[in-house]
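Chemist: got a predicted model here, sequence first, then my questions.
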Amino acid sequence: MSKRLSEPLEKLNEKTKELAEGHQLETMLPESSTIEINELVLSINELSKRLGKQNELRNRLTSDIAHELRTPLTTIKAHIEAMYDGIWPITKERLKSCYEEVDRLTRLIGNIEKITELESHIENLNLRPFHLKNMLCAIRDNFEAQYEAKKISLEVISPEISLVADEDKMRQVITNLLANALKFTPPSGKVIVQVTENDLEVIIKVMDTGVGIAKEEQEHIFNRLYRTDLSRATISGGQGIGLAIARAIIRAHKGNIRVESELGKGSIFIITLPKI
Ligand code: ADP
């Protein structure tokens, strides 16, 4: 009897040591017939899975950051080297271009800090009911001048509903989507924010008549630091953070965000939020 209890406990002890050292378990622990021990086994397996996921996320972020830092650093280095060696005269334009790359790096690091902070405190949602249409109209008003300057129409179509969610974070999601819609829609285009609801969910669509996103890129745009080829080639200043933030916020609300898009025609970002 005591052997039956002590053997699995010894194994558990060994495995928790591995976890404490930061290693994910190579194989999951087998389930035990003793209820209390089995509960412990399940928790440890779950912990191991989470640790693995965290490690994976960390590795991916590190390689994404390295990739993003390399391009501006290479440019700055080449510019400075050429000026230092006297190959290029030192001109205001060349100094300005170095300055702009440094500025881009600073913003990138600020954004990475922001998303790391957001993801580590994402559970702290301030859930309260608020009037969704009023919030959307207030955001539309903030964007009005920028949209008008580009001759793009911006419309909100929404029923009068109250949504239980973190208002500040939801405002950030919609702001990010409308900033993108503005950026990726050519002049004379149209952007519509449309809200519908059913018994279980509230659905918010942000639709634009912009450049669109290729099928093979659609699944990646919600990843940190991802920008489509089209965006890299034509639009400066983006850093591929806004949609990653939006997805983290929507997931924290147990909702979902996805995109439907066709190149050259436009994009529809669809947020589904469960009613609480
Ligand atoms: P950023 O806009 O700063 O580059 P985001 O995370 O907000 O970062 O967007 C990631 C990428 O997704 C953009 O660089 C762009 O390639 C693509 N994208 C986002 N919104 C749209 C849109 N409305 N139309 C076309 N492409 C878009």
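Modeler: Arrived safely. Residues are numbered from 1 along each chain as shown.

Chemist: what helix or strand does the residue nearest to the spatial centre of the chain sit in?
Modeler: The centroid of the chain falls nearest to residue 244 when counting by C-alpha atoms, centre = their mean (0.7 Å). Assigned by DSSP states H and E, residue 244 belongs to helix 242-252.

Chemist: leaving out the residues flanking it, which one is nearest to the residue nearest to the centre of the chain?
Modeler: Spatial nearest neighbour of residue 244, excluding adjacent residues (C-beta to C-beta, 6 or more residues apart in numbering): residue 224 at 4.2 Å. Bear in mind the C-beta positions are built from the backbone N, C-alpha and C, glycine included.

Chemist: how close does the closest residue to residue 202 other than its chain neighbours get to residue 125?
Modeler: Take residue 202 and drop its neighbours on the chain: the residue closest to it by C-beta to C-beta, 6+ apart is residue 273, 4.9 Å away. Separation of residue 273 from residue 125 (C-beta to C-beta, to the nearest Å) stands at 12 Å.

Chemist: need the helix or strand of this structure with the lowest average pLDDT.
Modeler: Sorting the helices and strands of the chain by mean pLDDT, DSSP states H and E puts helix 229-234 at the bottom, at a mean of 71.

Chemist: tell me where the stretch 151-276 of the chain has strands.
Modeler: Counting by DSSP state E, counting those that start in this stretch, the segments of the stretch 151-276 of the chain that form strands are 153-157, 162-166, 190-197, 201-208, 256-262, 266-274.

Chemist: interface residues of the stretch 151-276 of the chain facing the ligand?
Modeler: Selection of the stretch 151-276 of the chain residues close to the ligand by C-beta under 6 Å from any ligand atom yields 176, 180-181, 184, 208, 210-213, 221, 226-228, 231, 238-244, 267.

Chemist: please redo it, this time with the cut-off set to 5 Å
Modeler: Applying C-beta under 5 Å from any ligand atom, one finds that the stretch 151-276 of the chain approaches the ligand through 180-181, 184, 210, 213, 221, 227-228, 231, 238-240, 242-243, 267.

Chemist: tally up the residues packed near residue 185, please.
Modeler: 21 (other C-beta atoms under 10 Å).

Chemist: skipping adjacent residues, who's closest to it in space?
Modeler: Nearest non-adjacent residue to residue 185, counting by C-beta to C-beta, 6+ apart: residue 210, 3.6 Å away.

Chemist: isn't that neighbour up against residue 267?
Modeler: Yes: counting by C-beta atoms under 8 Å, residue 267 is a contact partner of residue 210 at 6.1 Å.

Chemist: so what sits against both of the two?
Modeler: Common contacts of residue 210 and residue 267 (C-beta atoms under 8 Å, 6 or more residues apart in numbering): 181, 184.

Chemist: and the contacts of the helix or strand that contains residue 3?
Modeler: Element membership of residue 3 [criterion: DSSP H and E] is helix 2-20. Helix 2-20 has contacts (C-beta under 8 Å, 6+ apart) with 25, 29, 32, 34, 37, 40, 41, 44, 47, 48, 51.

Chemist: the same query, at a cut-off of 10 Å, please.
Modeler: 23-34, 36-38, 40-41, 44-45, 47-48, 51 (C-beta atoms under 10 Å, 6 or more residues apart in numbering).

Chemist: ditto for stretch 78-86
Modeler: In contact with stretch 78-86 (C-beta under 10 Å, 6+ apart) are residues 87, 88, 89, 90, 91, 94, 95, 97, 98, 101.

Chemist: okay then, goodbye and thanks.
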